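predicted model, plus sequence, below.
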Amino acid sequence: FEIDPIWTGAILSILLAMVIIGGIKRIAAVTSKIVPIMGILYVIGSLSVIFFNIDNIGESFVSIFRDAFTGSAAAGGFLGASFAYAFNRGVNRGLFSNEAGQGSAPIAHASAKAKDPVAEGLVSILEPFLDTILICTLTGLVILSSGVWTEKFENNFARSDLDFVVGEYNDVDSEDRQELYKYLNGISDTEIKRYSGTLQVVDGQAQTNGEITILHARSVAEDVRFVIAGEDAYNGQVRIENGNLIKEDIQVVGKSLVHSAALTSLAFANGYFGDYGQYIIPITLLMFAFSTAIAWSYYGDRAVVYLVGQKGVMPYRILYVAGFFWASFADTTLVWTASAVAIVLMTLPNLLGMILLHREMKSTVKSYWKDFGDADKKK
């Protein structure tokens, strides 16, 4: 909506502070209103795209199951992905998505006023089902059936997805596509090497002289421009080291594939709502992200109490809100990488604990269903 991110972050930080200071009761009251609204809105938007592109649904399902085990072949501007790439992305996105097995959600469930722990456990099982089986499947079908995942769009290039390689390649020539596929998927026998050196830029246009290819988001970038402050064409030299752009104050824009929320927004515009459909994503994403921030603030809250006692809660909350505000306008690539590692470090001991306690869990569940059956017979 072209709102300065720093203002968005400031307003949401104030709202976040107001919620988490109120403790678990206020957190529950707020999230119990946000979650149903965002869920219903997202499902309606998804179905509007799926039914609009109903002829493509069959092939979409086929590609999901086929490419999950073989990797996806090149299609349109997309240069293809190996099984290893698909597996890696599937697992880490899945962990970020539903938190299953991490041991985080039980912190909130432990605070619930339930008659029996098994009953609360059954409620918790519903969460990853709704999140992953329902919401993520709908998202996948929306993106695949709309076809936008193979198309290039004008966008701002993220540094983490930007790569400069030696030689001139395109995504039309079959041999070039094969070499690029090998390079992007880390196959050792590729001839492509990352570029290191100086690149001359005139009126925003890189003078590659057919010696360099710019890649972005697993595609060959087109109409690439180097700009300053998002508008002024850059003139001068830029330093490239091992395929990475070094100069910090330059933004690279052009046409390439897009991914994540931007891709989903474009897909939602290919439905019955037309261009208005793309607004469903920023609205629901706002609610998804804000409710997640609220929930995770409580997890950290409980961890701080365990480690240092109640005296550490307020400093933690201040630090948490400050981090939330900073993340609204900063480059969080490093943060995402660190969080991916932290999730593994959190999940492994939790899974070990579940394995060691599996007999107790099995016995508790068996006892619950026996008591449930006996109560049902009395009725």
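In hand now; what should we look at?

CA only for contacts and neighbour counts going forward, please
Fine.

quick one: the strands in the stretch 51-200 of the chain?
153-156, 162-166, 197-202 (DSSP state E, counting those that start in this stretch).

looking at the ones you listed, which is buried most?
strand 162-166 (a mean of 20; mean count of other C-alpha atoms under 10 Å).

then it to PDB, C-alphas only?
Extracted C-alpha coordinates of strand 162-166, given in PDB (Å, rounded to 0.1, in the frame of the first residue of the first chain):
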ATOM      1  CA  LEU A 162      21.000 -12.100  -6.700                       C
ATOM      2  CA  ASP A 163      23.900 -13.800  -8.500                       C
ATOM      3  CA  PHE A 164      26.500 -12.700 -11.100                       C
ATOM      4  CA  VAL A 165      28.000 -15.500 -13.200                       C
ATOM      5  CA  VAL A 166      30.700 -15.600 -15.900                       C
END
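
re earlier: let me know which of the strands of the stretch 51-200 of the chain is the nearest to Thr284.
Comparison of these against Thr284 by C-alpha to C-alpha identifies strand 153-156 as nearest, at 21.4 Å.

show me what that closest one pairs with in its sheet, parallel or antiparallel.
Strand pairing for strand 153-156, using DSSP bridges, gives strand 250-256 (antiparallel).

just the CA coordinates of the partner strand, formatted as PDB?
Provided in PDB are the C-alpha atoms of strand 250-256 (Å, rounded to 0.1, in the frame of the first residue of the first chain):
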ATOM      1  CA  ILE A 250      22.600   0.500  -4.800                       C
ATOM      2  CA  GLN A 251      19.200  -1.200  -5.600                       C
ATOM      3  CA  VAL A 252      19.000  -3.600  -8.500                       C
ATOM      4  CA  VAL A 253      15.600  -3.800 -10.300                       C
ATOM      5  CA  GLY A 254      14.300  -5.600 -13.300                       C
ATOM      6  CA  LYS A 255      12.200  -8.600 -14.500                       C
ATOM      7  CA  SER A 256      12.700 -12.000 -12.900                       C
END
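
turn the strands of the stretch 51-200 of the chain into JSON lines, columns for distance to Ala342 and mean pLDDT.
Formatted as JSON lines, the strands of the stretch 51-200 of the chain follow (distance: least, C-alpha to C-alpha, whole Å; pLDDT from 0 to 100):
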{"stretch": "strand 153-156", "distance to Ala342": "29", "mean pLDDT": "94"}
{"stretch": "strand 162-166", "distance to Ala342": "25", "mean pLDDT": "95"}
{"stretch": "strand 197-202", "distance to Ala342": "35", "mean pLDDT": "92"}
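
and Gln278, which of those is closest to it?
Shortest distance between Gln278 and these, using C-alpha to C-alpha, is found for strand 153-156: 14.3 Å.

can I get that closest one in PDB, CA atoms only?
Extracted in PDB, the C-alpha atoms of strand 153-156 (Å, rounded to 0.1, in the frame of the first residue of the first chain):
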ATOM      1  CA  PHE A 153       7.700  -9.800 -13.200                       C
ATOM      2  CA  GLU A 154       9.200  -6.400 -12.500                       C
ATOM      3  CA  ASN A 155      10.500  -6.400  -9.000                       C
ATOM      4  CA  ASN A 156      13.200  -5.200  -6.600                       C
END
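
all set now, cheers.
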